[in-house]
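**Student:** Predicted model follows, preceded by the sequence.
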Amino acid sequence: MRDKVLGDRCEVLGMKTKIRPLWVLLLFGGAMGADSPWETLRAAGNEQRRQGRYTEAEKTFRAALAEAEKAAAEPPTVPAILNDVALALYDQGRYREAEPLYRRALAILETAGQPEALSTTLSNFAVLHRTRGELDRATELYERALPLMEQARGVGHPRVASIRNNLALIHCDRAQYDRAGELLRQAIGSLEKQHGPDHLDVSSSLTNLAIVYGRQGKYKDAESLQRRALAIRKKVLGPNHPSLIPVLEGLGTTLVEQGRPVEAEGVYRRALAILEIRAGHPDEAAILAGLGMSLYHQGRFKEAEPFFQREIDLREKSFGPGHSSVADGKNNLAEVYRALAQYKKAEPLYLQALEVYSKALGAGHPHVAKVLNNLGGLYEKQGEHAKAESAYQRALTMRERILGPDHPDLAVSLNSLAGLSLFQEQYAKAE
């Protein structure tokens, strides 16, 4: 019976980290030389990108760049096409290759006197930094981009809303959920007013607001938004487009959080079928993690293990060992080993996850509290009750400070401490 109680108190990192946000990557508005060969190629590349044919889009954009450079086209033409190539690389998970393209575009635009083009490039470059976990640098770029776009387009314009959407995700990363929700609701209102309720940018912001609700423990609200976002993407792009994958991924995680792992497994397998395994791409890592999580919550621990291990390998390859998403996978793999009573394998993974989260997100982040609670469960299982109590208490203190009294994670921490107290026959303390 103790195994079951302990299992109930341990937490696989689900919605708190597994749902990847949908960043709004800005395209340059307007044609730059409508009859030019590079603009014809740009139009073709954008259509390929819309269809999810990212490798082809990259080749087409590179051809457009060669044409524009050969003709010595005036700004913002070359920076715009540099952005196009960088976006196609980003879509493929080739982040290191995208960075010098953004830097080159910025070097041209800093003195060109074109605030909208500069803002667009700053915002897209910020997405790249955030994806790599560089939150301070991403924030700096967004804070430069936002007033430039407001100057160029006005405060109510959809492009301003898109930057607010992305800035909100930085607040979400830092557990500033009220501010994140406020910015996203503003963005959704502006986007719906300009584009109508079924636009892809509306879908992205709905998905991101669902992330905020999930981190606040409002899982039913999150699921409702995710299903609406998914319906928009199916309507606009069709049922098999790669852009459905992150929304399906998020929906699967929300279902797990609500205790519906069998439904979640079906959702993740649907995402995997759309993906058709583009080996090494971050989409694959996220879906493998989701499948592992759904199997874990069904008690199928041995089946879950290789999914989490493969997730860690892919994320380390894409981002390096110090990225917070690597810590997600290590925490989850540790949970599998704990469930399989392989404690010596579990503890170092928890400790590595704690170190990465503390450095990447800050020592007071909710993810740190979650791993502390899991580590406490491991110590309790091994009979190290003093260490378990210390870890549980640290997690509880952090959650009370960050999440507030009504968050489900606070109940998890209270349950952990109460269970430990009961086990030690400290009934008065437990009550």
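**Tutor:** Okay, I see it.

**Student:** C-alpha only now, for contacts and for neighbours.
**Tutor:** Will do.

**Student:** can you list the weak-confidence ranges in the protein?
**Tutor:** 1-34, 277-282, 425-431 (pLDDT under 70).

**Student:** same thing but at 80, please
**Tutor:** Counting by pLDDT under 80, the chain has low-confidence residues at 1-35, 50-52, 92-93, 276-283, 402-407, 423-431.

**Student:** all helices for the stretch 101-250 of the chain, in order.
**Tutor:** Along the stretch 101-250 of the chain, counting by DSSP state H, counting those that start in this stretch, helices occupy 115-131, 135-153, 158-173, 177-195, 200-215, 219-237, 245-257.

**Student:** got the ones you listed as TSV, with distance to residue 312 and mean neighbour count columns?
**Tutor:** As requested, the helices of the stretch 101-250 of the chain are arranged in TSV below (distance: least, Cα to Cα, whole Å; neighbours: other Cα atoms under 10 Å):
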stretch	distance to residue 312	mean neighbour count
helix 115-131	16	24
helix 135-153	21	19
helix 158-173	20	25
helix 177-195	27	19
helix 200-215	22	27
helix 219-237	26	19
helix 245-257	17	28
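
**Student:** so can I have JSON lines of the ones you listed showing distance to residue 339?
**Tutor:** Below are those laid out as JSON lines (distance: least, Cα to Cα, whole Å):
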{"stretch": "helix 115-131", "distance to residue 339": "31"}
{"stretch": "helix 135-153", "distance to residue 339": "34"}
{"stretch": "helix 158-173", "distance to residue 339": "29"}
{"stretch": "helix 177-195", "distance to residue 339": "32"}
{"stretch": "helix 200-215", "distance to residue 339": "25"}
{"stretch": "helix 219-237", "distance to residue 339": "25"}
{"stretch": "helix 245-257", "distance to residue 339": "17"}
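
**Student:** how about these, which one is nearest residue 391?
**Tutor:** Proximity to residue 391 (Cα to Cα) singles out helix 200-215 among the helices of the stretch 101-250 of the chain, at 21.4 Å.

**Student:** Tell me which residues are up against that closest one.
**Tutor:** For helix 200-215, contacts defined as Cα atoms under 8 Å, 6 or more residues apart in numbering pick out 15-16, 19, 21-24, 162, 165, 169, 172, 177, 180-181, 184-185, 187-188, 191-192, 219, 221-223, 225-226, 228-230, 232-233, 236, 247, 250, 254.

**Student:** Please, where are all the helices along the stretch 301-431 of the chain?
**Tutor:** Along the stretch 301-431 of the chain, counting by DSSP H, counting those that start in this stretch, helices occupy 301-319, 324-339, 343-361, 366-381, 385-402, 408-423, 427-430.

**Student:** Out of those, the one nearest residue 136 is which?
**Tutor:** Using Cα to Cα, the nearest of those to residue 136 is helix 343-361, at 10.3 Å.

**Student:** any idea how far the closest one is from the chain center?
**Tutor:** Computed by Cα atoms, centre = their mean, to the nearest Å, the chain-centroid distance of helix 343-361 equals 20 Å.

**Student:** mind listing what's buried in that helix?
**Tutor:** Judged by neighbour count (16 or more other Cα atoms under 10 Å), helix 343-361 contains these buried residues: 343, 346-347, 349-358, 360-361.

**Student:** That helix - contacts with which helices or strands?
**Tutor:** helix 324-339, helix 366-381 (3 or more Cα pairs under 8 Å, 6 or more residues apart in numbering; DSSP states H and E).

**Student:** tilt between the last one and helix 200-215?
**Tutor:** Looking back up the chat, that one is helix 366-381. Following axes from the mean of the first three to the mean of the last three Cα atoms, to 10 degrees, one obtains 40 degrees for the angle between helix 366-381 and helix 200-215.

**Student:** Which other helices and strands does helix 366-381 contact?
**Tutor:** Helices and strands touching helix 366-381, by 3+ Cα pairs under 8 Å, 6+ apart, are helix 2-9, helix 324-339, helix 343-361, helix 385-402, helix 408-423.

**Student:** Quick one, which of these gets closest to residue 318.
**Tutor:** Residue 318 lies closest, by Cα to Cα, to one member of these: helix 324-339, at 9.9 Å.

**Student:** contact partners of that closest one?
**Tutor:** The contact list for helix 324-339 (Cα under 8 Å, 6+ apart) reads 7, 10-13, 17-18, 133, 289, 293, 296, 301-302, 304-305, 308-309, 311-312, 315-316, 343, 345-347, 349-350, 352-354, 356-357, 360-361, 371, 374, 378.

**Student:** change it to 7 Å
**Tutor:** With Cα atoms under 7 Å, 6 or more residues apart in numbering as the test, helix 324-339 has contacts from 12-13, 17, 133, 301, 305, 308-309, 311-312, 315-316, 343, 345-346, 349-350, 353, 356-357, 360, 371, 378.
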